[in-house]
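Student: Turn this into a model:
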Amino acid sequence: MHSIPFNKPHLTGKELEYIAEAAGNGKLSGDGVFSRRCQTFLEDRYGFKKCLLTTSCTDALEMVAILLNIREGDEVIMPSYTFVSTANAFVLRGASIVFADSGTDNPNIDPSGIEVLITPRTKAIVVVHYAGVACEMDSIMDIANRYGLYVVEDAAKSIDSFYKGKPLGSIGHLSTFSFHETKNVHCGEGGCLVINDARFIERAEIIRDKGTNRASFFRGEVDKYTWVDVGSSFLPSEINAAFLWAQLENLDIIQQKRLEIWDRYASYFVAMEGDGLVPQIPLFATNNAHMFYMLMESQAKRDQVIKALAAKKIMGVFHYLPLHQSPFYQNRHDGRELARAVDFSERLVRLPLFYSLTLEEQHLICETIASTLTAAYTR
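Tutor: Sure thing, here's the model as predicted:
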């Protein structure tokens, strides 16, 4: 058991009160008072055209694939350095995934490598804002517009983060967020689909509710509801939504605390080693303090740091293995080397970052890493 875990889900203190209120309302299935409250909050705060809570970000991505009519023979471009859900949602609809490499400064997709991957079969570009830090969206949207492609933002980690003043999730045609317990605000398991193109709103409601037009029925737009399209059960319960509302109404407080922790890490390691170890935030992006990661000189040093942390019962972890090298996809990949994605996978280590992380705990983490790296560099 780690004395300092990688993550510890934060509770604001209102979660159980709101869950009890939801139970008292007499409706615990999806799309109740708390669901609407969360969706309205996100739409009003970030200017999303339509926000629909889902049971996970994975489910939101699966809804995206259905909305875009992805089918066998279609190609979808996305970074190799991402979580499996980004790809799985489109593979389930029969698409071929065309993996792109990361950029030089961070694991986000390299816009300069996208256009060469486009073929007549390309249907969409999926970008992932790694660590909540924005991809270079102007270039990506320009490419998509010139080729008539959809852009999907996998903004799982990106709540309250911005690109040139625009909220992440508000730029692409469709976007998805995660409210998993590892995210800045959470409900244990949850997510949402953001629709910025009004053409998709009505069908998204249908797909989310098992392929029925029940949402229209409850609004009085039809006299009965029935099965009208493909779909599944993507609605979270009011229990999840009530929990999430307690988090969202404390978003500013949570963000301030996480940023303080992130800044302390950055200050410590910049003073020790310079900028090389610390995540680089592009001038066009903001930092939502979702994650603090470091880039070690080599995989061996990365593994050494993780081992040293573990010896102090501190959980430091690496992140994604590139999807183009995965057992499932390596024989489906077109053989291109994606060297930067591999490099980030080998050298990146993530440090504990959660609301209740204390100064003493953070000091121990920093000192353990510093002593490990100093010993490594002096050998």
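Student: Just the buried residues of the lengthiest helix in the chain, please?
Tutor: If you go by DSSP state H, the chain has its longest helix at helix 251-273. For helix 251-273, the neighbour count (16 or more other Cβ atoms under 10 Å) marks 251, 254-255, 257-258, 261-262, 264-266, 268-269, 273 as buried. Bear in mind the C-beta positions are built from the backbone N, C-alpha and C, glycine included.
Student: How about stretch 95-112?
Tutor: 95-103, 106-111.
Student: Give the next helix or strand downstream of the least confident helix or strand in the chain by mean pLDDT.
Tutor: Lowest mean confidence among the helices and strands of the chain (mean pLDDT, DSSP states H and E): helix 214-218, at a mean of 86. Downstream of helix 214-218, the next assigned helix or strand under DSSP states H and E is helix 238-248.
Student: For that following helix, enumerate the helices and strands it packs against.
Tutor: helix 15-24, helix 33-46, strand 50-54 (3 or more Cβ pairs under 8 Å, 6 or more residues apart in numbering; DSSP states H and E).
Student: got a list of contacts for that helix?
Tutor: 10-15, 17-19, 21-23, 25, 27-30, 32-35, 37-38, 41-42, 53, 55, 179, 185-190, 254 (Cβ atoms under 8 Å, 6 or more residues apart in numbering).
Student: just the buried members of these?
Tutor: 10, 12, 14-15, 18-19, 22, 30, 32-35, 37-38, 41-42, 53, 55, 179, 185-187, 189-190, 254.
Student: how about the nearest residue to the spatially most central residue of the chain, chain neighbours excluded?
Tutor: Residue closest to the average C-alpha location in the chain (Cα atoms, centre = their mean): Ala156, at 1.7 Å. Closest residue to Ala156 apart from its sequence neighbours, by Cβ to Cβ, 6 or more residues apart in numbering: Ser178 at 3.8 Å.
Student: For the one you found, give the beta-bridge partners.
Tutor: Bridge pairing for Ser178 (DSSP bridges) gives the partners Gly191.
Student: was I right about it contacting Leu193?
Tutor: No - Ser178 is beyond contact range of Leu193, at 11.4 Å (criterion: Cβ atoms under 8 Å).
Student: what are the phi and psi values for the nearest residue to Met141 once chain neighbours are set aside?
Tutor: Computed as Cβ to Cβ, 6+ apart, the closest residue to Met141 that is not its neighbour in sequence is Val151, at 6.1 Å. The phi and psi values for Val151, taken as degrees, to the nearest 10, are phi -120, psi 130.
Student: swap in Val127?
Tutor: phi -110, psi 150.
Student: Gln280 belongs to a helix, doesn't it?
Tutor: No - counting by DSSP: H, G, I helix; E, B strand; the rest coil, Gln280 falls outside a helix, being coil.
Student: And it, how far from Tyr130?
Tutor: 12 Å (Cβ to Cβ, to the nearest Å).
Student: if you count what's nearby, which of those two comes out ahead?
Tutor: Neighbour comparison, Gln280 and Tyr130: the larger count goes to Tyr130, with 29 against 12 (by other Cβ atoms under 10 Å).
Student: For the more buried one, give me phi and psi.
Tutor: phi -60, psi 140.
Student: ok, it - contacts?
Tutor: Applying Cβ under 8 Å, 6+ apart, the residues contacting Tyr130 are Pro79, Tyr81, Thr82, Asn106, Pro107, Asn108, Lys157.
Student: Look over those and name the one with the lowest pLDDT score.
Tutor: Least confident entry in the contacts of Tyr130, by pLDDT: Asn106, with 94.
Student: my guess is that one meets Gly132, correct?
Tutor: No - Asn106 lies out of contact with Gly132 (Cβ under 8 Å); the separation is 11.1 Å.
Student: pLDDT weak spots in this structure?
Tutor: 1, 273-276, 376-379 (pLDDT under 70).
Student: all strands of it, in order?
Tutor: Listed in chain order, the strands found in the chain under DSSP state E are 50-54, 75-79, 96-100, 122-128, 150-154, 162-163, 166-167, 174-178, 191-195, 292-295, 348-351.
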